[in-house]
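**Student:** Structure of the sequence below:
(2 chains)
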Protein chains: 2
Amino acid sequence: MELKDLAPLLLTTERINGDIDLTVITDLLRGGKAANDRRKELVEVIEQHPVLSDRDMVYRNHSERYNFGLKKAFHYVKLIQEGGYTDQEQAILLNALGEQVPFDLHRIMFIPTIENQGTDEQRAKWLPLAKSYKIIGAYAQTELGHGSNVQGIETIATYDKATQEFIIDSPTLTSRKWWPGGLGKTSTHTIVIARLILDERDVGVQSFLVQVRSLEDHLPLPGIEIGDIGPKVGFNAIDNANCAFHKVRIPRENMMMRYAKVLSDGTFVRPKSDKLVYLTMVYVRATLIKALGERLAMGTTITARFSAARIQGRKPDMKGEFQVLDYQNQQHALFPLIAIAYASQFAGSMVIDMHDSAVESIKNGSSSFGAKLAELHAVSSGLKAWLSDRAGDGVETCRRLCGGHGFSQSSNLAHLFAEIAGANTFEGTSDVLVQQHARYLLKTLALLPSSETSTTFLNKAKAFSDIKLRCKAQTPGDFGDVDLLLEAFQVRGARIVLALASQMKATKNDGNACMVLMTRASTAHAELLLLGALIRGVKTLPIGPERDAVANLCSLFGAWLITKSLGDFRQHDYLSSKQADLVREQVVRLLPIIRKNCVLLTDAWDFSDFELNSTIGRYDGDIYRALVKRAADEPLNASEIPEGYEKFLKPLIQSGL
Amino acid sequence: MELKDLAPLLLTTERINGDIDLTVITDLLRGGKAANDRRKELVEVIEQHPVLSDRDMVYRNHSERYNFGLKKAFHYVKLIQEGGYTDQEQAILLNALGEQVPFDLHRIMFIPTIENQGTDEQRAKWLPLAKSYKIIGAYAQTELGHGSNVQGIETIATYDKATQEFIIDSPTLTSRKWWPGGLGKTSTHTIVIARLILDERDVGVQSFLVQVRSLEDHLPLPGIEIGDIGPKVGFNAIDNANCAFHKVRIPRENMMMRYAKVLSDGTFVRPKSDKLVYLTMVYVRATLIKALGERLAMGTTITARFSAARIQGRKPDMKGEFQVLDYQNQQHALFPLIAIAYASQFAGSMVIDMHDSAVESIKNGSSSFGAKLAELHAVSSGLKAWLSDRAGDGVETCRRLCGGHGFSQSSNLAHLFAEIAGANTFEGTSDVLVQQHARYLLKTLALLPSSETSTTFLNKAKAFSDIKLRCKAQTPGDFGDVDLLLEAFQVRGARIVLALASQMKATKNDGNACMVLMTRASTAHAELLLLGALIRGVKTLPIGPERDAVANLCSLFGAWLITKSLGDFRQHDYLSSKQADLVREQVVRLLPIIRKNCVLLTDAWDFSDFELNSTIGRYDGDIYRALVKRAADEPLNASEIPEGYEKFLKPLIQSGL
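**Tutor:** Modelled structure (predicted):
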């Protein structure tokens, strides 16, 4: 049989050889059948749209991608204006575009800032304009000289009592607003985060609404210098801005005054609390955890299918070739990534539940609110830091696992990578987040007993730190026991937090001198949380082959994580040298078991071919015809003779004629 | 002081605070002052060239990059034709282009194949044409259905006795040649690797020279279907081909017949030996080791400078902000990468020396040739596999360490990453290479004692496997002792190879069932080789602060590698739990020591600003002005009003007017 026909057959055979009903798992991953059906309908809406279905971004440079992105943004607005979709449905539609487009920050940051930080009058004035896209807004916080570190912001807003105006100014080169998405060429307005100066006194950072372009002709307004910062690793359909304000005057009413206020005489009224604002930021982080996991799920789906359909390297008996999926290394690299994607989904849901519970306790005026918020902030920080690194690494690993065809843009793996690469930085750099997470763990340790679900393991810190404590595993399979696994992760976590506490004491709280250890503490807790979330996810499945399949994935996740950080688990010989061998054996032992259902376990995410947009990740495994078909689309192939032939090839080739 | 002025000052201060004469280290890294001076002169030639100095690739899509690449290739040929450069100088000039261009494979593969596999007549006929670029050639091995796995190739060359021709044919969709660089739109000729069919019998894979395009008008010749495969992660200035042959006839003389031969009557003469061909492949891999290390060196240079010039996050005493380089995590992530780049340089030189010695022993007809070749193949495989993963990961880590500005293409980190991303696959996929490496180690173990330098550690395998053997370190600083370090890596390596031998026995030589362990064996040996090469590099430096600085880097490299694989080193408690803590302490202890000279240690590579092409990696640290200046070049900024304004923005914005 020809390879091109063998490929689909091999993939189909994987599905036949599996023993699970994947709809059971799809329901678990996608929050039930109804939700998933609706999600698929919405993706279909995009797939059927004449403009929004575009997937040719890889042929475009940044300018071209922006220009097409603007077109997509326009059609997206028309679609949602006409379709009457809920906010959640709009998010699904947007996600199905497969790339960020210029109005995204308008929806994600500009409108929510007015909603959360605007007074009733401000909301009444601006929200109708914004929601009907009569104005398009951005959110300008980051500056050239300072990233998300709000403390370092240099832009100033000086109040002029005489005219009741703020004068927005960029006093230095590095105070230029840098990065705000959609502000470079698109937006008419923006929120500007600036230091408020009252009577020559800096009273801290506030938010101001500034018009930057004329609504008549879109030209920058006087005093506004604005443009695009150039191409980036990802997000190239977006116009990230480079913007300077030269003493731009705005009316007093344009400061967002729901919390802090400046009265007409210049009196500053300090805010009572802006914890709700804070909560919004945490919510963004929670959804990011799910989104990163889902991108990794896309990568693993593509890779599992390709690995099944692709053959390579003769078998020792010389009868045919191995499927790439047969190789132990391929399984060893891919299956843990499938597990990470699953775990992220459940951990993301957990954080969203924590968020909802915190919101509830605000509404009830409950005193537990502060504690809930602190936990939520720490947990979401730690998980976001852990996952933004691992999801990026994971998708890149998928690319490598697909060899040359993975290196082609038509695999879509490079695009998936580029679109999540920014997550290491935005919404908090990992190095900052792990510290905040670790400091929370230290604080919890100091105030034991803890009643927060995520940190109850610290209540046993003393028992766990007993250097005579030993893991009870005697066989590789013992590491499949969830209680044994959880204890191992709790012991490891507790010991690192204790070591950190002692190092902090020894260094007189020099956080910087303890940062490597803080990172280990954050990692240990994040992995405990992910493992716990995945274990709980397994338990919600009915007993049967589906539950077994996900449970095996969960066992692999736990055992594999142990092998990745064996030094931690072997500390004080909690794991013996022999047990270290056992856990490695368990990982290898699980690979062929998981392989039985690995294609179905990725199928279970129920991504359509349109969503995956991958020649080699097609559901039907017809990868070779797809690769040839896609290659024909390359614009260079429009003509047999390349553009530069006359000038650059002919003179050389015909030099001897 | 304004941040924009502080940045250069901070970087300069780092250099002042260092205590080494970097020219001493530059000489070591660059093979002496004369070689480095010449290298810089050549880079300067490119920098001064009106076309070849172009660095605007990030603004272009694949078609545009190819078209510009063709222009560059033409000017490059003109330059070398007029300049009388040596082969090595030509390689330096090419490297200074900062991207691959369409004629690269002509130089790297087409010409060498004729030189190595052509008869004297073939060489006399084709080399003058090729070397004067009157024909432009490619090398077509990889097919759609099979990567570098030569066994699986489907293209056939059937000998027709009657006409004394070969009929080159692509019998299936998957037999299409896929990936050959420069063949898509540029080349007139190509080497085709095909199965030779004589009297309906498949006698194996041979090389054929096939003309694919007319020298008159560049149109594909009859029976040739040819085009570009579309955009990729990297190498987008190259036209990788999708090419099918439909019963294309070539004269018998076009089979490369230096070794195997087909006589006019169809008699097949088997080759005596093609080990020299093999040696060329190994040489490519050796230069790749150096090249990957050098790309990582570029990444670390950019990152060290940016980290020194950038400030972020208030100090606990509230007096100013930390330099990013002050952060323990930044040091912990960056400094080992600086060490990897150094180690790769020395390891690459070691492999090149091994190659030269093998060539020498062929010339002398020495019987040691076979053993030398086997060692060379194994060592270059293991190092290439290890480094292609780590260099890619390392440059990506550098990108993350530079935060948002790293995410901008103007940092050049994403481009560096893209240009090395293919190395995981080309010249041998890591998974295949580590197996070949591990099997060599097994074979050596079975035939002990070994006299090959790289594997003498196996001679002590029995002593090293004594489970009572203990590392002697008692303080963190003891891990700075090179003998102690080397013993630890040798013990670890020997134990893994022994475990692998026993697992292979237990599985009846089922290589696939042992692949994870094979990978560990390859990794362990590669790291031993890299550490050994770096230690020898240190020893060539005169005693003094320069030697101390590189020795500290070497200590960090060893200790850091141990922490990354603590499970290995703790096997049978060769390292105790206490010693594991000590080695971690050693890593952290070395960071501030290395920081003292870290900018100078990267400066020592002596890359020019032109080579680094990075706004944030400038020698002078004037990063903020550079970022603003570079942003102005973005084509979107040519007009204040974006292209789509009338159609996609105005209708929304003015819908209410």
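
**Student:** Given the host helix or strand of A:I167, what are its sheet partners and their directions?
**Tutor:** Per DSSP states H and E: A:I167 is located in strand A:165-169. Here strand A:165-169 is paired, per DSSP bridges, with strand A:156-160 (antiparallel), strand A:248-251 (antiparallel).

**Student:** Redo those strands as JSON lines? Include mean pLDDT.
**Tutor:** Converted to JSON lines, the strands paired with strand A:165-169 look like this (pLDDT from 0 to 100):
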{"stretch": "strand A:156-160", "mean pLDDT": "98"}
{"stretch": "strand A:248-251", "mean pLDDT": "98"}
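
**Student:** hmm, back to that, got the buried residues for the very next helix or strand once past the strand holding A:I167?
**Tutor:** Per DSSP H and E, strand A:165-169 leads on to strand A:177-181 as the next helix or strand towards the C-terminus. Residues of strand A:177-181 classed as buried by neighbour count (16 or more other CB atoms under 10 Å in any protein chain shown): A:K177, A:W178, A:W179, A:P180, A:G181. Where you see a C-beta, it was placed from the backbone N, CA and C, and this is true even at glycine.

**Student:** For A:R30, give me phi and psi.
**Tutor:** The phi/psi pair for A:R30 (degrees, to the nearest 10) reads phi -110, psi 10.

**Student:** Please name the residues that touch it.
**Tutor:** A:N36, A:R39, A:W605, A:D606 (CB atoms under 8 Å, 6 or more residues apart in numbering or on different chains).

**Student:** before we move on, what SS does the most centrally placed residue in chain A have?
**Tutor:** With distances taken as CA atoms, centre = their mean, A:L292 lies nearest the centre of chain A, 3.5 Å away. For A:L292, the assignment made with DSSP: H, G, I helix; E, B strand; the rest coil gives helix.

**Student:** ok, and of the buried residues of strand A:177-181, which contact chain B?
**Tutor:** Contacts with chain B within the buried residues of strand A:177-181, counted by CB under 8 Å from any CB of the partner chain: A:W178, A:W179.

**Student:** want to throw the buried residues of strand A:177-181 into JSON lines with distance to A:L529 and pLDDT?
**Tutor:** Formatted as JSON lines, the buried residues of strand A:177-181 follow (distance: CB to CB, whole Å; pLDDT from 0 to 100):
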{"residue": "A:K177", "distance to A:L529": "35", "pLDDT": "98"}
{"residue": "A:W178", "distance to A:L529": "34", "pLDDT": "97"}
{"residue": "A:W179", "distance to A:L529": "30", "pLDDT": "96"}
{"residue": "A:P180", "distance to A:L529": "32", "pLDDT": "96"}
{"residue": "A:G181", "distance to A:L529": "30", "pLDDT": "96"}
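
**Student:** okay, the strands paired with strand A:165-169, which one's buried deepest?
**Tutor:** The highest mean neighbour count among the strands paired with strand A:165-169, using mean count of other CB atoms under 10 Å in any protein chain shown, belongs to strand A:156-160: a mean of 20.

**Student:** Can you list the neighbours in contact with that one?
**Tutor:** Contacts for strand A:156-160 (CB under 8 Å, 6+ apart): A:165-169, A:171, A:175, A:192, A:194-198, A:202, A:206, A:208, A:249, A:252, A:255, A:262, A:266.

**Student:** That strand: how far from the chain's middle?
**Tutor:** 36 Å (CA atoms, centre = their mean, to the nearest Å).

**Student:** now stretch A:507-515
**Tutor:** Taking the mean of its C-alpha atoms, stretch A:507-515 sits 29 Å from the chain's own mean (CA atoms, centre = their mean).

**Student:** ok, residues contacting it?
**Tutor:** Here stretch A:507-515 makes contact (CB under 8 Å, 6+ apart) with A:431, A:435, A:439, A:500, A:503-504, A:518, B:316, B:322, B:326-329, B:332.

**Student:** Least confident of these?
**Tutor:** Least confident of the contacts of stretch A:507-515 in the model: B:P316, at 74.

**Student:** Spit out the contact partners of A:T456.
**Tutor:** Shown in contact with A:T456 (CB under 8 Å, 6+ apart): A:S450.

**Student:** Touching the helix or strand hosting A:K462 from outside, list them.
**Tutor:** Using DSSP H and E, the element containing A:K462 is helix A:461-464. With CB under 8 Å, 6+ apart as the test, helix A:461-464 has contacts from A:L445, A:L448, A:F457, A:L469, A:Q490, A:V491, A:A494, A:R495, A:V497, A:L498.

**Student:** mind redoing it with 10 Å?
**Tutor:** The contact list for helix A:461-464, computed with CB atoms under 10 Å, 6 or more residues apart in numbering or on different chains, reads A:444-445, A:448, A:450, A:457-458, A:469, A:487, A:490-495, A:497-498, A:501, A:574.

**Student:** hmm, back to that, hang on, the residue nearest to the centre of chain A packs against A:I420?
**Tutor:** Yes. Using CB atoms under 10 Å, A:L292 makes contact with A:I420 at a distance of 6.0 Å.

**Student:** Mutual contacts of the two, please.
**Tutor:** A:L387, A:S388, A:A391, A:G392, A:G394, A:V395.

**Student:** Point out the ones among those that are inside helices.
**Tutor:** A:L387, A:S388, A:A391, A:G392, A:G394, A:V395 (DSSP state H).

**Student:** For the first one, which residues are in contact?
**Tutor:** By CB under 10 Å, 6+ apart, the contact set of A:L387 is A:288-293, A:296, A:340-341, A:343-344, A:347-348, A:394, A:420, A:423, A:430, A:526, A:530.

**Student:** In helices, which of the residues you listed fall?
**Tutor:** Going by DSSP H, the helices hold A:288-293, A:296, A:340-341, A:343-344, A:347-348, A:394, A:420, A:430, A:526, A:530 from the contacts of A:L387.

**Student:** show me where the stretch 101-250 of chain A has strands.
**Tutor:** A:137-140, A:156-160, A:165-169, A:177-181, A:189-198, A:201-211, A:224-228, A:240-245, A:248-251 (DSSP state E, counting those that start in this stretch).

**Student:** Export those strands as a markdown table, with columns for distance to B:I224.
**Tutor:** Putting the strands of the stretch 101-250 of chain A into a markdown table (distance: least, CB to CB, whole Å) gives the following:
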| stretch | distance to B:I224 |
| --- | --- |
| strand A:137-140 | 52 |
| strand A:156-160 | 67 |
| strand A:165-169 | 64 |
| strand A:177-181 | 47 |
| strand A:189-198 | 56 |
| strand A:201-211 | 60 |
| strand A:224-228 | 43 |
| strand A:240-245 | 45 |
| strand A:248-251 | 63 |
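
**Student:** hmm, back to that, near chain B too, which of the contacts of A:L387?
**Tutor:** A:S430 (CB under 10 Å from any CB of the partner chain).

**Student:** Would you mind listing what in the stretch 151-300 of chain A touches chain B?
**Tutor:** Counting by CB under 10 Å from any CB, the stretch 151-300 of chain A sits next to chain B at A:151-152, A:154, A:171-176, A:178-179, A:184-188, A:213-220, A:226-236, A:239-242, A:244.

**Student:** what do you get if the cut-off is 6 Å, keeping everything else the same?
**Tutor:** For the stretch 151-300 of chain A, the residues in contact with chain B (CB under 6 Å from any CB of the partner chain) are A:151, A:172-174, A:179, A:185, A:215, A:218-219, A:227-233, A:242.

**Student:** and these, which are buried?
**Tutor:** Buried members of these, counted by 16+ other CB under 10 Å: A:172-174, A:179, A:185, A:215, A:218, A:227-233, A:242.

**Student:** between those residues, which is closest to A:V379?
**Tutor:** A:W179 (26.8 Å; CB to CB).

**Student:** Now do the same contact list for the residue nearest to A:A237 when sequence neighbours are not counted.
**Tutor:** Of all residues not flanking A:A237 in the chain, A:G69 sits nearest, at 3.1 Å (CB to CB, 6 or more residues apart in numbering or on different chains). When contacts are counted by CB atoms under 6 Å, 6 or more residues apart in numbering or on different chains, A:G69 touches A:V101, A:P102, A:A237.
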